[in-house]
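Asks: Take a look and give me a structure for this.
(one chain, ligands or ions: 1)
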Amino acid sequence: MRVISYSHNGTDGLGVMVDDKGFVALAGAAAELPATMMGLLNVDDWQGKVAAAVDGKAADLSIGDVRLLPLISDTPVLWCIGVNYKEHQDETGRGAQEEPMFFIRTNHGLIGAYDPIIRPNCSDMLDFEGELAVIIGKGGRHISKEKAHEHIAGYSIFNDGTIRDWQRHTIQFCPGKNFEGTGPFGPWLMTPDEFGDPYAQELTTRLNGEQVQHTSIADMDHKIDKQIEYLSTVHTLRPGDVISTGTPGGVGSRREPPLWMKPGDTVSVEITGLGIIENKIEQES
Ligand code: MG
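Replies: Predicted coordinates for the structure are as follows:
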């Protein structure tokens, strides 16, 4: 199942994809269910209820007719792991991390799957980081690696768009990772039964159609189960928490010369079996 967050004619809602582009609007098919992803993820057996509601229904709208919103615009916590693929560990000179290296992004930087990414006026060092995002379904604390899969509601795509000089002002990453309009998140939540084994899939980032990052998800260093175990040791994970699982090698800042995204460019992140997000770059007005 693929669930989208969208806006159409001034109303926000959820939709369930029924083919490549078409979706059933949940507000019509199941008015009793919440109209936001956070609301839905907090409903017991939401997947069963949604499946029953849309069963046999034809598409109401196409994603081309609507604006896709950030998949979860009010996630309790968006954790991001740094340097979690070997090529990226090598190019950054940081090496493998014994423990996963996490930082937090706030909701303020999130945008929809096809919204423009905004290059701020304070810097031209706008970089891409294609990543697989994991969305927590069932909450919990002290979740073991063995039980981690029971807590995953689904998967999505995140571009951990970064203002590199602001990332490096100090040893704290957070400012450069939290600029407004730099975090495309979507296009949908795909449930684990539909996505299958994440490690059988591949991630590709393209800038203006040219491949700039490519990896097998299997090359991830600290795997998803370890990340869930680690973070749930810190605090109780809640439905709607998001973990972005790291970017592979090829980021623009580590190229010679550096490759920064600039207004007019288009960046996309594709994960096989999952989908694609694509964003034009615009200058802050
Ligand atoms: Mg990242």
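Asks: where's the residue of the stretch 151-285 of the chain found nearest the ion relative to Leu40, distance?
Replies: Nearest residue of the stretch 151-285 of the chain to the ion (C-beta to the ion) works out as Asp160 at 3.4 Å. Glycine gets a C-beta too; all of them are placed from N, C-alpha and C. Distance of Asp160 to Leu40, given as C-beta to C-beta, to the nearest Å: 25 Å.
Asks: again with Gln172
Replies: Relative to Leu40, Gln172 is positioned 34 Å away (C-beta to C-beta).
Asks: what residues does the stretch 51-200 of the chain put near the ion?
Replies: For the stretch 51-200 of the chain, the residues in contact with the ion (C-beta under 5 Å from the ion) are Glu129, Asp160.
Asks: Tell me where the stretch 51-200 of the chain has strands.
Replies: Counting by DSSP state E, counting those that start in this stretch, the stretch 51-200 of the chain has these strands, from start to end: 61-62, 67-68, 78-82, 101-105, 110-111, 117-119, 126-127, 130-136, 152-159, 162-163, 183-190.
Asks: okay if I get these as JSON lines plus distance to Asn279, mean pLDDT and mean neighbour count?
Replies: Supplementary listing: the strands of the stretch 51-200 of the chain in JSON lines, determined by distance: least, C-beta to C-beta, whole Å; pLDDT from 0 to 100; neighbours: other C-beta atoms under 10 Å:
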{"stretch": "strand 61-62", "distance to Asn279": "19", "mean pLDDT": "98", "mean neighbour count": "14"}
{"stretch": "strand 67-68", "distance to Asn279": "11", "mean pLDDT": "98", "mean neighbour count": "18"}
{"stretch": "strand 78-82", "distance to Asn279": "17", "mean pLDDT": "97", "mean neighbour count": "24"}
{"stretch": "strand 101-105", "distance to Asn279": "16", "mean pLDDT": "97", "mean neighbour count": "18"}
{"stretch": "strand 110-111", "distance to Asn279": "7", "mean pLDDT": "98", "mean neighbour count": "24"}
{"stretch": "strand 117-119", "distance to Asn279": "5", "mean pLDDT": "98", "mean neighbour count": "23"}
{"stretch": "strand 126-127", "distance to Asn279": "11", "mean pLDDT": "98", "mean neighbour count": "24"}
{"stretch": "strand 130-136", "distance to Asn279": "11", "mean pLDDT": "98", "mean neighbour count": "26"}
{"stretch": "strand 152-159", "distance to Asn279": "7", "mean pLDDT": "98", "mean neighbour count": "26"}
{"stretch": "strand 162-163", "distance to Asn279": "14", "mean pLDDT": "98", "mean neighbour count": "24"}
{"stretch": "strand 183-190", "distance to Asn279": "5", "mean pLDDT": "98", "mean neighbour count": "27"}
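Asks: could these be laid out in CSV, adding distance to Thr11?
Replies: Listed next are the strands of the stretch 51-200 of the chain as CSV, based on distance: least, C-beta to C-beta, whole Å:
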stretch, distance to Thr11
strand 61-62, 12
strand 67-68, 11
strand 78-82, 25
strand 101-105, 27
strand 110-111, 19
strand 117-119, 25
strand 126-127, 32
strand 130-136, 23
strand 152-159, 22
strand 162-163, 33
strand 183-190, 18
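Asks: Tell me how many other residues crowd Ala35.
Replies: By the criterion of other C-beta atoms under 10 Å, Ala35 has 15 neighbours.
Asks: ok now do the residue of the stretch 151-285 of the chain closest to the ion, which residues does it touch?
Replies: Counting by C-beta atoms under 8 Å, 6 or more residues apart in numbering, Asp160 makes contact with Cys80, Arg105, Glu129, Glu131, Lys177, Gly183, Ser244, Thr247.
Asks: again, but for Pro263
Replies: Arg119, Ile281, Glu282, Gln283 are the contacts of Pro263 under C-beta under 8 Å, 6+ apart.
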